[in-house]
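Engineer: Next one to model:
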Amino acid sequence: MNWEEFGDRWIFIATQTTTRYFVIAGVVFFIFYILLQKTMAARRNQTPFPGWKHYRRDIGFSLITIVIFATMATLVFIVFSDYSNLYWPWDKYGEVYYYLTFPAMLLIHDAYFYATHRLMHHPKLFRYVHRVHHLSTNPSPWTAYAFHPLEAILEAGIIPVIAFTLPVNPPALGLFLLFQFFFNVYGHLGFELFPAKFHKTWIGRWVSTGTAHNQHHQHFHGNYGLYTLIWDRLFGTLRKDYDQKYEQVTAGKPMQSSQKVKV
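Structural biologist: Prediction:
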């Protein structure tokens, strides 16, 4: 193995992921937690806002997660690429197949996340693996990557799962992981962005909204999905009060007086 190539790629991926984390999460935090704090108060899932000590904790664990993600990605893209289903050029299997890999990756990741997420909620695993993420009972954009190192390994496991099961173009996988981070930030945003009654539409019924995931952080049980509610509905783990909560958050009236961010 060419260790110089490994090191160069690791540095590139780690830098790219760190930049993505601070730029995307930071911009979203600035918009919703500072600029639009009062304007969006009616769409807040929980009040008050978390304090700065919670943000610092989440950022600290996220930096550890980034190291693990970069290592896993570099192993897949450099060390084991010849044994994977990664392919070049992008249209090797045709343009239609290239675009179909995106919904395919989404469904694979959604199923993988649901299974591993429920597993981490087993009492014998929760305190050692998943508890760190749930320290943020009232999550923020900074919580998106706040994992215990063992959970970070599980989360990064989706990279080899996709690379070794689905023929996929590496840049397409990279674009999908970028989308994943945007959606993850939305899930931990603490505000509901979808319109009222969206959860009752033919597509909204299956989307894991920010409200759904915020409920999971607040109550620890139910709503285990990442992108969709397919598996929660199929296995009966969707919270019974999800519809009521979504309607409450999107009703246009704050649940209680919104408070400023604690310093």
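Engineer: Within the helices and strands, which one has the residue nearest the centre of the chain?
Structural biologist: Closest to where the C-alpha atoms of the chain average out (C-alpha atoms, centre = their mean) is residue 184, at 2.7 Å. Assigned by DSSP states H and E, residue 184 belongs to helix 170-187.
Engineer: For the helix or strand just after that helix, the averaged confidence score.
Structural biologist: The helix or strand immediately downstream of helix 170-187 is helix 210-219, counting by DSSP H and E. The average pLDDT for helix 210-219 rounds to 98.
Engineer: Which positions within the helix holding residue 184 qualify as buried?
Structural biologist: Judged by neighbour count using 16 or more other C-beta atoms under 10 Å, the buried positions of helix 170-187 are 170, 172, 173, 176, 177, 180, 181, 183, 184, 185, 186, 187. Glycine gets a C-beta too; all of them are placed from N, C-alpha and C.
Engineer: What is it packed up against?
Structural biologist: Of the remaining helices and strands, those touching helix 170-187 by 3 or more C-beta pairs under 8 Å, 6 or more residues apart in numbering; DSSP states H and E are helix 95-120, helix 158-163, helix 210-219.
Engineer: what would these look like in a markdown table with mean neighbour count and distance to residue 35?
Structural biologist: Rendered in a markdown table, the data for the helices and strands packed on helix 170-187 read as follows (neighbours: other C-beta atoms under 10 Å; distance: least, C-beta to C-beta, whole Å):
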| stretch | mean neighbour count | distance to residue 35 |
| --- | --- | --- |
| helix 95-120 | 16 | 31 |
| helix 158-163 | 20 | 33 |
| helix 210-219 | 22 | 18 |
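Engineer: Residue 135 is nearest to which of those?
Structural biologist: Closest approach to residue 135 among the helices and strands packed on helix 170-187 (C-beta to C-beta): helix 210-219, 9.8 Å.
Engineer: low-confidence ranges in the chain?
Structural biologist: Across the chain, the ranges flagged by pLDDT under 70 are 1, 253-263.
Engineer: quick one on the thing from earlier: kindly provide the distance from the residue nearest to the centre of the chain to residue 109.
Structural biologist: The spacing between residue 184 and residue 109, counted by C-beta to C-beta, to the nearest Å, is 11 Å.
Engineer: what sits against residue 207?
Structural biologist: Shown in contact with residue 207 (C-beta atoms under 8 Å, 6 or more residues apart in numbering): 194, 198, 199, 227, 228, 229.
Engineer: Got a quick ChimeraX command for the buried subset of those?
Structural biologist: Buried members of the contacts of residue 207, defined by 16+ other C-beta under 10 Å, are picked up in ChimeraX with:
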select :194,198,199,227,228,229
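Engineer: Would you pull up how far the strand or helix carrying residue 153 lies from the middle of the chain?
Structural biologist: Assessed by DSSP H and E, residue 153 sits inside helix 149-156. Distance of helix 149-156 from its chain centroid, counting by C-alpha atoms, centre = their mean, to the nearest Å, is 13 Å.
Engineer: Next: stretch 56-64.
Structural biologist: For stretch 56-64, the separation from the chain centroid amounts to 15 Å (computed by C-alpha atoms, centre = their mean).
Engineer: coming back round to it: and the helices and strands packed on helix 170-187: which comes nearest residue 30?
Structural biologist: Of all the helices and strands packed on helix 170-187, helix 210-219 sits nearest to residue 30, with 17.6 Å by C-beta to C-beta.
Engineer: what sits up against that closest one?
Structural biologist: 45-46, 134, 136-139, 143, 186-194, 222-225, 229, 232, 238-239, 241-242, 245-246, 249.
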